[in-house]
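Participant: no sequence on hand, only this structure:
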């Protein structure tokens, strides 16, 4: 059986994660990595795989079954996904929730004009968390859904810290509040404010002679980033920062608290959680599993843009329907 | 828009749960309950719904969109599901894992001969737990999956206790061992024996003058039921039994511990858990959500037997694809 031929567009943390995830699936092979940089400057981890410039994309149309696009959601993906969908079946992890309908429409149009399939907004949130919200709300219509994130690094908040004057290095962890999660699990269906759900914990290396009190005050007051949260700022040495804060852990919880039965008195609790040693590596693993699903759907004649909601679970697995029923049901 | 017309075959705890779950979904209506008992002896909770004898099934063929079959897996469903699939689209919760392939083949054949759709083995295990095993194993191919059950009532083990001489009333709770779950969460991917994963806790009301030591010894030694577990037997009064042990709670955990990244050194943990106040009411809620999915797949022209693996998540929700993308992704 022919292997699924994977391309990677964009070689940052997510692209590297995809490269490594493809190795764990021997029904797939990595065909090439596409970059906006000079290809000679990009060194892959995999022997025998070529690096191409994004401009070479049209020439590779027949050599790649699924292009996994690993750009950022703010500016890359809104442009790259529709553009690459002209030439390939594509997958992205577009995560700007408010702009998903618009992105979907753009990508769907290009796919239909070119006979391609696109899966957008895959990963864990949006992605696996979305799936869990959908299953849980469909099963327990009388209830309330809660999403908690962390403990994990927020790239946006870390960037914000690093823009503060006097900050040499900085990282921010979003932390779910245990008491809030326990209140949800109790079945009381609490209304929780932003402040009650998460805290923000920052680790900062200050420049020599910087005013630490001022840095702390500036961070804690940043609008849209920190002002609605209980924020802790820890000043640490550069050595400690480099040793302890060089990973990208993340995770979170989706909870549905629902009531069933006569008089709706029975509490039913569904909880899904992730504890991820590496956010980009895990997101990459999700994208790669869905690349298998895409190649199968495409073989069945599918066209257009889809999300995790539209894809029957069996398409993700290497096992046949018969094997799945015998071993996993 | 016409409501989805639901029938219930079998009116025990699960059938009653379906009746109550249908009330929570106003795109559905309960059309009738079918029983092997005399219809006059069955009292429903819903006004204006008729009780029919199973023999009347052929006359109701055009009045029901989805028949939810609520019999037991041991003897009822292997016979009832293929039989009723002659007349209706059907859903069952067949949970004898080893016999699923055979049951699937039987039901699929009848469905194809009669142009019907069947969903089998739905509920939470098999069902939601199976889905979580599939998603997690597809995403983290290098890893290990664990399923823990409880704390919850095992009907089979409770029945076994009640067959012991001198036992007036008895109930058995299966309990997951916290230390085993914590070991899994640590990423050590332990090999766990049956005894290490679960304990069994029994509550027994003894007959007057019964030999309690003998009862305890008999229970603990029962082959295939208790001999491989650490079992605790608590003797309690009938009053306490009736007051404290009249519910059917259950639940459990599906965990996938996987490794990703360069050298497979990054630990990634996926965990799904249920804490159910009522096992039959929750199982019923799953069946009813899938009844919606079935009616939609049927409208698209589907035929044959399917499981949770084959059904795209969006089919379960009342929301349109557009609404789902805007609100839940």
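Facilitator: Yep, that arrived. This is a predicted model, so every value here is computed, not measured.

Participant: element containing the residue in the stretch 1-150 of chain A that chain B sits nearest to, please.
Facilitator: Proximity to chain B, evaluated over the stretch 1-150 of chain A using Cβ to the nearest Cβ, is greatest for residue A:138 at 3.9 Å. C-beta coordinates here come from the backbone N, C-alpha and C atoms, glycine included. If you go by DSSP states H and E, residue A:138 is part of helix A:128-139.

Participant: what angle separates that helix from helix B:128-139?
Facilitator: Our comparison of helix A:128-139 with helix B:128-139, counting by axes from the mean of the first three to the mean of the last three Cα atoms, to 10 degrees, yields an angle of 160 degrees.

Participant: what is helix A:128-139 packed up against?
Facilitator: Taking 3 or more Cβ pairs under 8 Å, 6 or more residues apart in numbering or on different chains; DSSP states H and E as contact, the helices and strands that helix A:128-139 lies on are strand A:143-149, strand A:250-260, strand A:266-276, helix B:128-139, helix B:279-299.

Participant: turn these into CSV, including mean neighbour count, distance to residue A:300 and mean pLDDT.
Facilitator: Output for the helices and strands packed on helix A:128-139, formatted as CSV (neighbours: other Cβ atoms under 10 Å in any protein chain shown; distance: least, Cβ to Cβ, whole Å; pLDDT from 0 to 100):
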stretch, mean neighbour count, distance to residue A:300, mean pLDDT
strand A:143-149, 19, 32, 98
strand A:250-260, 23, 30, 98
strand A:266-276, 23, 29, 98
helix B:128-139, 24, 18, 98
helix B:279-299, 24, 15, 98
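
Participant: compare those and report which one is nearest to residue B:72.
Facilitator: Shortest distance between residue B:72 and the helices and strands packed on helix A:128-139, using Cβ to Cβ, is found for helix B:279-299: 11.7 Å.

Participant: immediately after that closest one, which helix or strand?
Facilitator: Secondary structure here is assigned by DSSP H and E; on that basis, the next helix or strand after helix B:279-299 toward the C-terminus is strand B:304-306.

Participant: quick one: mean pLDDT for that next one?
Facilitator: Within the predicted structure, the mean pLDDT of strand B:304-306 is 98.

Participant: and it, is it in reach of chain A?
Facilitator: No - Strand B:304-306 lies out of reach of chain A by Cβ under 8 Å from any Cβ of the partner chain, never closer than 9.0 Å.

Participant: return the distance of that strand from the chain's centre.
Facilitator: Computed by Cα atoms, centre = their mean, to the nearest Å, the chain-centroid distance of strand B:304-306 equals 19 Å.

Participant: list the buried residues in the helix or strand following that strand.
Facilitator: As assigned by DSSP H and E, the chain's next helix or strand after strand B:304-306 is helix B:321-327. Neighbour-count burial for helix B:321-327, counted by 16 or more other Cβ atoms under 10 Å in any protein chain shown, picks out B:324-325.

Participant: just checking, what packs against helix B:321-327?
Facilitator: For helix B:321-327, the elements it packs on are helix A:100-114, judged by 3+ Cβ pairs under 8 Å, 6+ apart.

Participant: chain B contacts on the stretch 51-200 of chain A?
Facilitator: Looking at chain B, the residues of the stretch 51-200 of chain A close enough under Cβ under 8 Å from any Cβ are A:97, A:100-101, A:104, A:121, A:126, A:128, A:130-135, A:137-142, A:185.

Participant: in JSON lines, list the helices and strands packed on helix A:128-139 along with distance to residue B:259.
Facilitator: Conversion of the helices and strands packed on helix A:128-139 to JSON lines gives the following (distance: least, Cβ to Cβ, whole Å):
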{"stretch": "strand A:143-149", "distance to residue B:259": "23"}
{"stretch": "strand A:250-260", "distance to residue B:259": "16"}
{"stretch": "strand A:266-276", "distance to residue B:259": "12"}
{"stretch": "helix B:128-139", "distance to residue B:259": "12"}
{"stretch": "helix B:279-299", "distance to residue B:259": "32"}
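
Participant: of all these, which lies closest to residue A:9?
Facilitator: With Cβ to Cβ as the criterion, residue A:9 lies closest to helix B:128-139 of those, at 20.9 Å.

Participant: now the helix-or-strand element of chain A with minimal mean pLDDT against strand A:250-260, angle please.
Facilitator: Taking all helices and strands of chain A together, the one with the lowest average confidence (mean pLDDT, DSSP states H and E) is helix A:155-162, at a mean of 92. Between the direction of helix A:155-162 and that of strand A:250-260, the angle (the same axes, to 10 degrees) works out to 130 degrees.

Participant: what's the first helix or strand after helix A:155-162?
Facilitator: Reading on from helix A:155-162 to the C-terminus, the next helix or strand found by DSSP H and E is strand A:167-176.

Participant: tell me the strands beside that following strand, with direction?
Facilitator: The strands that strand A:167-176 pairs with in its sheet are strand A:152-153 (antiparallel), strand A:198-206 (antiparallel) (by DSSP bridges).
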